[in-house]
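Engineer: need coordinates for the following:
(chains A and B)
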Amino acid sequence: MENGPNTNTDEYLRIYAQMARIRTFEDNANQLYLSAKMPGLTHMYSGQEAVAVGICEALRTTDKVTSTHRGHGHCVAKGANFKEMFCELLGKEEGYCRGKGGSMHIADQSNGNLGANAIVGGSMGIATGAAFSAKLLGTDDVTVCFFGDGATAQGLLYEVMNMAALWKLPVIYACENNGYSEYTKTAEIAAGSITARAEAFGIEAHTVDGQDVLAVNALSERLVARARRGEGPFFIELMTYRYHGHHVGDINREYYRTKDEEKHWRDDRDPITLFARHLMSEGIATAEDLDAIRAGIKDEASAAVAYALAAKYPDVSEVDMHVYAA
Amino acid sequence: MREITLSQAVNEALAEEMRRDPTVFIIGEDVAEAGTPFKVLSGLVEEFGTHRVVDTPIAEPGFTGIAVGAAMTGTRPVVDLMFGDFLFLIMDQLCNQAAKTHYMSGGKLNVPLVLRTNLGATRRSAAQHSQSLHALVAHIPGLKVALPSSAYEAKGLMKTAIRDNNPVVIFEDKLMYQEKAPVPEGEFLIPFGVANVLREGHDITLIGTSSMVQVCAKAADILAKDGISAEVIDPRTIVPLDEAALVKSAKKTSRVIVVDEGHQSFGVTSEIASRINEKAFYHLDAPALRMGAMDVPVPFSPALEDITVPTPEGVAEAARKLVRGEMIHAA
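Structural biologist: Numbering: from 1, shown residues only, chains lettered A, B, ... in the order given. The predicted structure follows:
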């Protein structure tokens, strides 16, 4: 593991807890789906936790992120609460979006999360625009645009990277390469190199092990600081893996990837296990310390799920509320 | 009162709002030194600089998306979409992102964005530079749609659009850019959702939008010579729509023709005529009639293009038949 700038024990433990929070959130969301308590579908972030946490730990609250259909991880990592998130997943009034967005549209502007997006690549313009605002208004906020390898096939990315490079916008394009574009291996549909595409616009691009949270965080700290000074934009390709299918209903997936491959990532490349090992080998935490952190998070999640299940739906009078802003 | 062109009126509205509010900026193709192909924005970059009058690459989805994100984070972009026909290029950013963000976020995020574009045929520009696509965006909840019909309207509606906290699409009539109209000096706003009765009458109501307001006014002149008194109404915005004013006039005159330059089928004329038929049925002597553009791609040849859009003579003829109680079919 690379040693990042976060050398403080509390910060290490916070990084561990944030990754565990995402995993626990997703395990509960999956159970809500499997037990038919959640309307619709959801897309699990499990396996990719080091990406969201490594990056968001380098951001301030006022920094912005845009997220994706696989967005619970970004939302938690940027500071959201379980209670409002589970309420949103279940379409309840106390959800972040009063139940109007659901899993694929959670936005938490109080923490700078401009929203998940159900259009693959749909938020690349929004992220670049948030960076444009920061520059026009003279704030030094940075925006991180999360998207998957599948979204690199969308033309919008290349239009906005061109403008971001021309105008030196404080935006970081974070490509979470989990290897799959929905139900297809990305290697089968992506020509050439993904980072070379950013480099063609003169954008400095990096590839990093997305399962190594300290490596992700160290790189992010450097690039965020530089973007804040006006040296952006930047592009990061984070090599990672999604444990579940494209969505929770994608159960039989051997036609596009093997169980052996999945087992390899879960057993040997899990970002939370790898980081736990690091914390223990460095004497930063004991197994018991980490067990206690995870147990506390599980209790918090169980309480939030119970709260959300019992919470009320929005009143039907809300159906045409928020179509237009006052 | 002084007279200025529609182009000057839009320019004035933008300049006044940019002086008043430093978060307003313009973004689009050839908006800075070129001042757009129609020269509507001439002089603005000299006053406000290239950081607020932002030339972009030819990348409509990209700069529209950037404007959506900018609008969500504390600025008020005015997107310049060179031709209304390019709306098809930006549908995801406008209709999936801008229009839905406020609703999907439960009211937490706003998108105070203005999209300036245009409509109108008969410039011999053929099918990809002549469409009137306002019905397309009016169909999407979350968007407002303004259709200025003169220099005065263009200035007042633009200023209101910029101050609105929602995405607003403003369609200017390309043929009207150089047309002059009386526009008072100084500040004024025209509220959305308030129709303008240009001319009162009692035999028939002619509802026209944008370029078709003048067509209706000319038709009313023709009809006056025949002793037919036509009321002419401009809804100004189709979202929100001043349905009450239109229905009230329909009840008064008992006959209505709706004239709009968009394609007739599934269009603005259909929507307005339908609402009048539903809400004023027992007061009507005939069903409200639709007169839109023909359901064909706009042809290049002048011989063909000119017959695709409603004319004053065509509207007057249809009105005469309605008043006489003859069964007629839409042009």
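Engineer: give me the number of residues near whatever residue of the stretch 151-300 of chain B ends up closest to chain A?
Structural biologist: Of all residues in the stretch 151-300 of chain B, B:N165 sits closest to chain A, with a separation of 4.0 Å (CB to the nearest CB). To be clear about C-beta, it is placed using only N, CA and C from the backbone, and glycine gets the same treatment. Under the neighbour criterion other CB atoms under 10 Å in any protein chain shown, B:N165 is assigned a count of 15.
Engineer: before we move on, what about A:G283?
Structural biologist: By other CB under 10 Å, neighbour count at A:G283 equals 8.
Engineer: what kind of secondary structure is it in?
Structural biologist: Taken by DSSP: H, G, I helix; E, B strand; the rest coil, the conformation at A:G283 corresponds to coil.
Engineer: need phi/psi at it.
Structural biologist: A:G283 has phi and psi values of phi 70, psi 20 when expressed as degrees, to the nearest 10.
Engineer: now it: how far from A:D289?
Structural biologist: When distances are taken as CB to CB, to the nearest Å, A:G283 and A:D289 turn out to be 11 Å apart.
Engineer: got it, and B:E200?
Structural biologist: Using CB to CB, B:E200 is found at 82 Å from A:D289.
Engineer: likewise B:A230?
Structural biologist: Counting by CB to CB, the gap from B:A230 to A:D289 is 84 Å.
Engineer: wait, B:I66 sits on A:S133?
Structural biologist: No - under the criterion of CB atoms under 8 Å, B:I66 makes no contact with A:S133, lying 9.4 Å away.
Engineer: could you pull out the strands for the chain?
Structural biologist: As the question left the chain open, I've gone with chain A. Taking DSSP state E as the criterion, chain A contains strands spanning A:64-66, A:143-148, A:171-177, A:180-181, A:184-185, A:204-209, A:234-239.
Engineer: wrong chain, I was asking about chain B
Structural biologist: Assignment of strands within chain B using DSSP E yields the ranges B:3-5, B:24-28, B:53-55, B:76-80, B:114-119, B:144-146, B:168-173, B:180-182, B:196-199, B:204-208, B:230-234, B:237-239, B:256-263, B:289-293.
Engineer: save these as JSON lines, and put in mean neighbour count, mean pLDDT and distance to B:K100 too.
Structural biologist: Compiled in JSON lines, the strands of chain B are given as follows (neighbours: other CB atoms under 10 Å in any protein chain shown; pLDDT from 0 to 100; distance: least, CB to CB, whole Å):
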{"stretch": "strand B:3-5", "mean neighbour count": "17", "mean pLDDT": "98", "distance to B:K100": "36"}
{"stretch": "strand B:24-28", "mean neighbour count": "23", "mean pLDDT": "98", "distance to B:K100": "21"}
{"stretch": "strand B:53-55", "mean neighbour count": "22", "mean pLDDT": "98", "distance to B:K100": "25"}
{"stretch": "strand B:76-80", "mean neighbour count": "27", "mean pLDDT": "98", "distance to B:K100": "17"}
{"stretch": "strand B:114-119", "mean neighbour count": "26", "mean pLDDT": "98", "distance to B:K100": "15"}
{"stretch": "strand B:144-146", "mean neighbour count": "26", "mean pLDDT": "98", "distance to B:K100": "14"}
{"stretch": "strand B:168-173", "mean neighbour count": "27", "mean pLDDT": "98", "distance to B:K100": "15"}
{"stretch": "strand B:180-182", "mean neighbour count": "15", "mean pLDDT": "97", "distance to B:K100": "36"}
{"stretch": "strand B:196-199", "mean neighbour count": "16", "mean pLDDT": "98", "distance to B:K100": "31"}
{"stretch": "strand B:204-208", "mean neighbour count": "29", "mean pLDDT": "98", "distance to B:K100": "30"}
{"stretch": "strand B:230-234", "mean neighbour count": "26", "mean pLDDT": "98", "distance to B:K100": "29"}
{"stretch": "strand B:237-239", "mean neighbour count": "24", "mean pLDDT": "98", "distance to B:K100": "15"}
{"stretch": "strand B:256-263", "mean neighbour count": "29", "mean pLDDT": "98", "distance to B:K100": "23"}
{"stretch": "strand B:289-293", "mean neighbour count": "25", "mean pLDDT": "98", "distance to B:K100": "28"}
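Engineer: can I get those strands in a markdown table with distance to A:Y255?
Structural biologist: Converted to a markdown table, these look like this (distance: least, CB to CB, whole Å):
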| stretch | distance to A:Y255 |
| --- | --- |
| strand B:3-5 | 63 |
| strand B:24-28 | 45 |
| strand B:53-55 | 47 |
| strand B:76-80 | 43 |
| strand B:114-119 | 43 |
| strand B:144-146 | 46 |
| strand B:168-173 | 44 |
| strand B:180-182 | 66 |
| strand B:196-199 | 62 |
| strand B:204-208 | 57 |
| strand B:230-234 | 59 |
| strand B:237-239 | 46 |
| strand B:256-263 | 45 |
| strand B:289-293 | 50 |
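Engineer: point out the residues in the stretch 51-200 of chain A that sit beside chain B.
Structural biologist: For the stretch 51-200 of chain A, the residues in contact with chain B (CB under 8 Å from any CB of the partner chain) are A:64, A:66, A:95-101, A:105, A:107, A:109, A:114-115, A:117, A:119, A:122-134, A:136-137, A:143, A:155-156, A:159-160, A:162-163, A:166.
Engineer: filter the residues you listed to the buried ones?
Structural biologist: The neighbour-count test (16 or more other CB atoms under 10 Å in any protein chain shown) marks A:64, A:66, A:95-101, A:105, A:107, A:109, A:114-115, A:117, A:119, A:122-134, A:136, A:143, A:156, A:159-160, A:162-163 as buried among those.
Engineer: turn the strands of chain B into TSV, including distance to chain A.
Structural biologist: Listed next are those as TSV, based on distance: least, CB to the nearest CB, whole Å:
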stretch	distance to chain A
strand B:3-5	30
strand B:24-28	6
strand B:53-55	8
strand B:76-80	8
strand B:114-119	14
strand B:144-146	7
strand B:168-173	10
strand B:180-182	30
strand B:196-199	22
strand B:204-208	23
strand B:230-234	22
strand B:237-239	9
strand B:256-263	22
strand B:289-293	26
